[in-house]
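# Test case, fold it:
(2 chains)
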Amino acid sequence: KQEVTQIPAALSVPEGENLVLNCSFTDSAIYNLQWFRQDPGKGLTSLLLIQSSQREQTSGRLNASLDKSSGRSTLYIAASQPGDSATYLCAVVYNTDKLIFGTGTRLQVFP
Amino acid sequence: EPEVTQTPSHQVTQMGQEVILRCVPISNHLYFYWYRQILGQKVEFLVSFYNNEISEKSEIFDDQFSVERPDGSNFTLKIRSTKLEDSAMYFCASSEAHGTGGGTFFGQGTRLTVV
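Residues are numbered from 1 along each chain as shown, chains lettered A, B, ... in the order given. All right, here's what the predicted structure looks like:
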């Protein structure tokens, strides 16, 4: 069964810290992987998309890496800010059109 | 910036009633989706739609559910006879390419409460 797991489930850090969120998937034959941000009661905002042939993608203070062979992706957030507080979701696509989501990491950045 | 829009943002309905959730996908996208998220749980795939037909559906998407693209812009999800367990946030999404090669973009969701 194709499953996506995210650790930690929750993370609380002081402002300014660099942090790493982890995503693992059981079947390494992914087509691509996407990281999303979800604010409480809100929709999903796409952060980064990594194609299966890529190793990493960067957008501002965010960097996502992909290691297909080990079934892992990490989202690195540099110099975290209180505005980064949200739930971060990892989702993978296999040879269909649907996204398979992880359970998310709930991040709180305190001043 | 183009976005997926969903209406209504909240819907309260009585058990057994029909509801229609509406979405306007991004205009040049060809693939459309519905997902749902029960409170505190994962986001789950319901159905994908391409070229005016369902391309894939999950076990959740039973005969109570249907989708339609009634015109060139709207994409709807109908639940024929709602149950308490249908209470969830429903997300519409769209993508430009097969396998979401260009990424999938989500609306803000419709919170459905069945009482």
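
# Find the residue at the geometric middle of chain B.
Centroid-nearest residue in chain B, with C-alpha atoms, centre = their mean: residue B:34, separated by 2.9 Å.

# mind listing what the helix or strand hosting that one pairs with, with the direction of each?
With elements delineated by DSSP states H and E, residue B:34 resides in strand B:31-37, which encompasses its position. Strands flanking strand B:31-37 in the sheet, each with its direction: strand B:43-50 (antiparallel), strand B:88-95 (antiparallel) (DSSP bridges).

# pLDDT (mean, whole number) over the first one?
So that's strand B:43-50. On average, the pLDDT along strand B:43-50 is 95.

# List the neighbours of it that are in contact with it.
A:44, A:89, A:91, A:96-101, B:30-38, B:54-58, B:60-61, B:65, B:67, B:69, B:75, B:77, B:90-91, B:98 (C-beta atoms under 8 Å, 6 or more residues apart in numbering or on different chains). Backbone N, C-alpha and C define where each C-beta goes, glycine included.

# who's residue 23 bridged to?
If you meant another chain, say so; for now it's chain A. residue A:6, residue A:73.

# Hmm, no, I was thinking of chain B.
Here residue B:23, judged by DSSP bridges, has bridge partners residue B:6, residue B:75.

# so it sits right up against residue B:76, yeah?
Yes. If you go by C-beta atoms under 8 Å, residue B:23 and residue B:76 touch, sitting 7.0 Å apart.

# Compare those two and say which is more crowded by neighbours.
With neighbours defined as other C-beta atoms under 10 Å in any protein chain shown, residue B:23 and residue B:76 compare such that residue B:23 has more, 25 against 15.

# can you pull the contacts of the more buried one?
Residue B:23 makes contact with B:4-7, B:32, B:34, B:74-77, B:92, B:107, according to C-beta under 8 Å, 6+ apart.

# if we can go back for a sec, just the buried ones from the contacts of strand B:43-50, in ChimeraX syntax?
Those of the contacts of strand B:43-50 that meet the burial criterion (16 or more other C-beta atoms under 10 Å in any protein chain shown) are gathered into one ChimeraX selection, given here:
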select /A:44,89,91,97,98,99,100,101 /B:31,32,33,34,35,36,37,55,57,58,61,65,67,69,75,77,90,91,98
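
# Show me where chain B has its strands.
Remark: strands assigned in chain B by DSSP state E are B:5-7, B:10-13, B:19-24, B:31-37, B:43-50, B:53-57, B:65-68, B:75-79, B:88-95, B:104-106, B:110-114.

# Show residues contacting the first one.
With contacts defined as C-beta under 8 Å, 6+ apart, strand B:5-7 is touched by B:21-24, B:90-92, B:107-110.

# residues near the spatially closest residue to residue B:24 that is not a sequence neighbour, how many?
In space, and not counting its chain neighbours, residue B:24 is closest to residue B:5: 4.7 Å by C-beta to C-beta, 6 or more residues apart in numbering or on different chains. Here the neighbour count serves as a burial measure; for residue B:5 (other C-beta under 10 Å) it reads 14.

# show me where chain A has strands.
With DSSP E as the criterion, chain A has strands at A:4-7, A:10-14, A:19-25, A:32-38, A:44-51, A:56-59, A:62-67, A:72-77, A:86-93, A:99-101, A:105-110.
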